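*Asks:* only the shape, not the letters, is given here:
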């Protein structure tokens, strides 16, 4: 059911389709009025040639670029699209709230309903607060850990992404050394480095921040080892520090009760965003009882943080996640994709690495200097109407079907052929 | 046309209406699942008793609380509501985009259209970038000034509000001294203190941040003196530093081309949010040509920053602002309110201070320790269906009519009576 966008119909990478296209025209206009034409993680310059920068439309698991090419999408807006674009239940809930009001002089009742639902759903949560960006949530967690403990040091895994402001940005452009004065680094899943960092922080340890799993760019993903998760919990307990789980990327794809529930380790604070409103802009902090008092002393706010429409969308999203066991559904789809890709790679004699949770696939090739293989693979898939990412973890949505997975596997045959011909 | 919500119809503050109300019930539920029941600037605990925390609905210049009381609103969602709730042109533009897509794998064409429109409209802007919170915009400006200059010091007016994260928050809870290591304070409109701060920053001056006008909480507002604005510009020019104008609160209410256009002083960077999307969550940074290269090196991003629906709303909002001269319209309405309040106060023998631009009214009473007079005034107005704020600047919208102003003035008679009877 995928529109083949290659110009010759033979499945070769069809980069020519961007020449004189609407996408090219928009990029040229954008270059005049937006620095480098785009910013941040959605900048198409970070993708191989042939990827579109601008999108016209989304529906279910499909995207259309501005030149009318349709893609079966495996990035899901880099996470937010959990149930599919234009999901009917979410859109109806959002529309009902929209007809009443969104941004008012205070919250709407849906704020309480959403907070209640999160507290019911997440065993680690006694309370919730709402914001806009994932970075709002991680920054609030960091500030709150300091407020609650009266200490300053935060342990952060080296290479982990927790947002794009000076204290945590992957870039040092415009950042001063003071912005990171109280960060101490450890290596994810490495108990010795964790113990060393805890010792270094000494009596000044406010909190330990960990991603739900290790999802650093262009690295094999790693689920947390039970021993690591336990060691983080024990260190926080021993020091009276806060365990901060960054769920921004993984939240509601791994486990509806929190990504570390299967490990039996509960965080003190969790930062949520991306998928929780199925594309509507909302993030959240949830926390344990002992942090409630400090949270009420904190001053954090934003003009749109009480926006009621994203809250209504989040409440509807959470309802579907629980009713339909979306994490389980995505795990099954992801495993089908993983198994199929592994089999395809084997047939083509290509060494492929797939890591991390199947709900958030990452496909890397052995001996792939400069991502030549990954790029060729993804460009060929793109030319056959399937949007993969060569270096970043991808995302499944509940709008994907088994047939969609099989469609992707068919396109991957062209990808493997492209890699084999390098 | 205001529903009188006082229980006795005589215009006394009718605080009893909250007992056993839906608002009270929601507050009690919220206390269990949200720290102190609410956070930030929309926390009703910061308002006199009787103000509702929760809102059901907004339409035009009116709000309804969850108990069905209707208010003629002069806070306008604390800024975002510029054209009135449910403004038809904005909602239609948003809905057209929503049917296509909002949060995709990249921006929609509307991003380019909005950036082009801002660059056309703002003489100081060569480019634009989009974000979610006002704090995103001010933080990006600060980081960008450092990136472009390779220097660290930022001059900030003492008492000015530029956001709610550690580097600029009005609260020190959870903040470390390093978070503010490179801030140097000056006094708004005070040339000597500005010169001293510039000297203190020395060769390390990256930028000077100024609000469009001085709007510190519970202080008389001050428009910038032409000499002050010129001195800020001259200091930046002399040092090669960036003049950062914080337009988050004032933007598009004072002047559609930028709040300092009438002073003949153009900023290098401007931070926009609140009103620009008429309630839809969006903020923006606009900048001068010399900062474009540094802006393209910066890594700033967010999961929802390419959201196309708020961009479509902003494009429609900007169209109405320009076509209808909304700043001029609000200035005339604001002057009518100011004149009427001044006359009313005089009749009642009450000493009132109104300051700053008429589009953003602030009403303070002389000798008002603990805001007793301001609170009594506003509570009486609230009881007569008009939502004023006793200490924070208010906001007019294009949905306000002259009749609305007269309605507010009629309610103010009850407010003045309440103050006189203290």
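*Replies:* The structure has been received and is ready for your questions. Just so it is clear, the structure is predicted and the values come from calculations on it, not from any experiment.
*Asks:* I'd like to know how many residues surround the nearest residue to residue A:203 once chain neighbours are set aside.
*Replies:* Spatially, and ignoring its direct neighbours in sequence, residue A:203 is nearest to residue A:151 (7.3 Å; C-beta to C-beta, 6 or more residues apart in numbering or on different chains). For the C-beta atoms, the positions are set from N, CA and C on the backbone; glycine is no exception. The number of residues packed near residue A:151 is 22, by other C-beta atoms under 10 Å in any protein chain shown.
*Asks:* residue numbers of the stretch 201-350 of chain A in contact with chain B?
*Replies:* Proximity of the stretch 201-350 of chain A to chain B, by C-beta under 8 Å from any C-beta of the partner chain, involves residues A:248, A:273-274, A:279-281, A:287, A:292-307, A:310.
*Asks:* may I have the phi/psi pair for the residue nearest to residue A:203?
*Replies:* phi -120, psi 180 (degrees, to the nearest 10).
*Asks:* ok, now the one 5 residues further on?
*Replies:* Note on residue A:156: its backbone torsions stand at phi -130, psi 140 [degrees, to the nearest 10].
*Asks:* from chain B, how far off is it?
*Replies:* Distance from residue A:156 to chain B, counting by C-beta to the nearest C-beta, to the nearest Å: 15 Å.
*Asks:* just to revisit the earlier point, now do the contacts for the residue nearest to residue A:203.
*Replies:* By C-beta atoms under 8 Å, 6 or more residues apart in numbering or on different chains, the contact set of residue A:151 is A:203, A:204, A:205, A:206, A:241.
*Asks:* residue A:162 against residue A:138, yeah?
*Replies:* Yes: assessed by C-beta atoms under 8 Å, residue A:162 is found in contact with residue A:138 at 4.5 Å.
*Asks:* mind listing what's buried along the helix or strand harbouring residue A:296?
*Replies:* Take DSSP states H and E as the rule and residue A:296 turns out to sit in helix A:292-297. The neighbour-count check on helix A:292-297 (16 or more other C-beta atoms under 10 Å in any protein chain shown) flags A:292, A:294, A:295, A:296 as buried.
*Asks:* which secondary structure elements does it contact?
*Replies:* Contacts defined by 3 or more C-beta pairs under 8 Å, 6 or more residues apart in numbering or on different chains; DSSP states H and E place helix A:292-297 against strand A:127-131, helix A:134-149.
*Asks:* now do the last one, average pLDDT.
*Replies:* What it means is helix A:134-149. Averaging pLDDT along helix A:134-149 yields 98.
*Asks:* return the distance of that helix from the chain's centre.
*Replies:* 19 Å (C-alpha atoms, centre = their mean, to the nearest Å).
*Asks:* and that helix with helix B:134-149, angle?
*Replies:* Angle, helix A:134-149 to helix B:134-149, by axes from the mean of the first three to the mean of the last three C-alpha atoms, to 10 degrees: 100 degrees.
*Asks:* returning to what we had before: quick check: which of the helices and strands packed on helix A:292-297 is buried the most?
*Replies:* Neighbour counts (mean count of other C-beta atoms under 10 Å in any protein chain shown) averaged over each of those peak at helix A:134-149, with a mean of 27.
*Asks:* check which helices and strands that helix sits against.
*Replies:* Identification of packing neighbours for helix A:134-149 by 3+ C-beta pairs under 8 Å, 6+ apart yields strand A:127-131, strand A:153-157, strand A:205-211, strand A:242-246, strand A:269-272, strand A:283-287, helix A:292-297.
*Asks:* so which of these gets nearest residue A:58?
*Replies:* Closest approach to residue A:58 among the helices and strands packed on helix A:134-149 is made by strand A:283-287 (20.8 Å; C-beta to C-beta).
*Asks:* how far does that closest one sit from its chain's centre?
*Replies:* For strand A:283-287, the separation from the chain centroid amounts to 15 Å (computed by C-alpha atoms, centre = their mean).
*Asks:* run through who's touching stretch A:82-91.
*Replies:* Applying C-beta under 8 Å, 6+ apart, the contact partners of stretch A:82-91 are A:58-63, A:76, A:252-253, A:275, A:278-280, A:313, A:316-317, A:319-321, A:326, A:395, A:397-399, B:101, B:104.
*Asks:* now, those residues that are in strands?
*Replies:* A:58, A:59, A:62, A:63 (DSSP state E).
*Asks:* filter the residues you listed down to the ones near chain B?
*Replies:* Applying C-beta under 8 Å from any C-beta, the subset of the ones in strands among the contacts of stretch A:82-91 adjacent to chain B comprises A:58, A:59, A:63.
*Asks:* which of those residues lies closest to chain B?
*Replies:* Closest to chain B out of those is residue A:58 (3.9 Å), distances taken as C-beta to the nearest C-beta.
*Asks:* how much space separates that closest one from residue A:257?
*Replies:* Per C-beta to C-beta, to the nearest Å, residue A:58 is found 29 Å from residue A:257.
*Asks:* more crowded one of these two?
*Replies:* More crowded of residue A:58 and residue A:257, by other C-beta under 10 Å: residue A:58, with 27 against 17.
*Asks:* tell me if I'm right that that one and residue A:64 touch.
*Replies:* Yes: assessed by C-beta under 8 Å, residue A:58 is found in contact with residue A:64 at 7.4 Å.
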